[in-house]
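In: Coordinates only, no sequence provided:
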């Protein structure tokens with residue numbers, strides 16, 4: 001009977017209950033449980049199993065640059081990173097409010113690490129998140145136009161609760177890049193949250209976009225409701 005029960009549970013994909021049931025059979029701890037406690041134990045085991053799988057899938061799909069967590073982020077005056085401000089961001093309220101975060105600073109100061117940490121925290125809280133290096137994303141979108149998968153990718157990006165665009169401003173954008181970036185930002189404006197990292201201060205972004213009209217449109221949608229983290233200090237890579 002026990003084997004039949006386990007087989008049926010597996011067929012119903014109740015793997016959390018299967019593992020919990022097997023534990024009960026091994027140590028016979030169920031003998032000291034009331035019926036309510038036993039049911040609660042089995043249901044909670046299934047719930048935990050599904051939540052863990054959901055988290056793993058969210059992180060796998062996000063494709064973060066770093067496996068980082070918010071607890072690892074070093075907040076101090078030398079980095080110009082206020083701990084209270086960062087903890088508020090780590091609560092992910094900015095995602096619920098459809099707000100943005102712009103992280104700027106010289107190379108090596110930890111911009112991508114912080115963005116990845118906030119992204120991992122968002123996944124932990126159940127938000128659909130995706131990370132892209134912006135240059136690689138824009139190059140990929142160009143190729144997708146030729147094989148008719150562009151719209152599918154743009155729609156996928158728009159569905160994310162949090163989009164991370166890393167390394168904005170490494171090179172000037174051409175006409176198609178500008179239009180693609182504007183479409184991405186326009187689709188998300190007032191609907192979803194975005195994190196952008198850049199070595200350049202925001203005052204230099206017009207030069208990178210290289211079209212005043214599109215630059216005004218992009219910055220208006222990104223910056224006006226954004227938290228700004230302007231990181232300072234020596235490169236953290238020198239300490240490795």
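Out: Thanks, I have the structure now. Since we're looking at a predicted model, the values are computed, not measured. Residues are numbered from 1 along each chain as shown.
In: From residue 167, how far off is residue 119?
Out: Distance from residue 119 to residue 167, counting by CB to CB, to the nearest Å: 15 Å. (Glycine included, C-beta is placed from N, CA and C.)
In: The two: who's more crowded?
Out: More crowded of residue 119 and residue 167, by other CB atoms under 10 Å: residue 119, with 26 against 19.
In: Leaving aside the residues adjacent along the chain, what's closest to the more buried one?
Out: Leaving aside its sequence neighbours, residue 119 sits nearest to residue 129 (CB to CB, 6 or more residues apart in numbering; 4.9 Å).
In: Next, the contact list for that neighbour, please.
Out: 58, 61, 62, 119, 122, 123, 160, 161, 162, 163, 164 (CB atoms under 8 Å, 6 or more residues apart in numbering).
In: neighbours around residue 215, how many?
Out: Residue 215, neighbours per other CB under 10 Å, totals 19.
In: For it, list the residues it contacts.
Out: Residue 215 makes contact with 205, 206, 209 under the criterion CB under 8 Å, 6+ apart.
In: show me the contacts for the second one.
Out: Put plainly, it is residue 206. Neighbours of residue 206 in contact, by CB under 8 Å, 6+ apart: 212, 215, 219.
In: related to what we said a few turns ago, return the closest of the contacts of residue 129 with respect to residue 194.
Out: residue 163 (4.8 Å; CB to CB).
In: Downstream of the host helix or strand of residue 183, the next helix or strand is which one?
Out: Per DSSP states H and E: residue 183 is located in helix 175-188. Read in the C-terminal direction, the helix or strand following helix 175-188 is strand 193-198, with elements assigned using DSSP H and E.
In: so that next one versus helix 175-188, what angle?
Out: With axes from the mean of the first three to the mean of the last three CA atoms, to 10 degrees defining the directions, strand 193-198 sits at 150 degrees from helix 175-188.
In: Determine the longest helix present in the protein.
Out: helix 35-62 (DSSP state H).
In: What residues of that helix count as buried?
Out: Taking 16 or more other CB atoms under 10 Å as the neighbour-count basis, helix 35-62 is seen to contain the buried residues 38, 41, 42, 45, 46, 49, 58, 59, 62.
In: Check the offset of that helix from the chain's centre.
Out: The gap between the average C-alpha position of helix 35-62 and the chain average comes to 21 Å, counting by CA atoms, centre = their mean, to the nearest Å.
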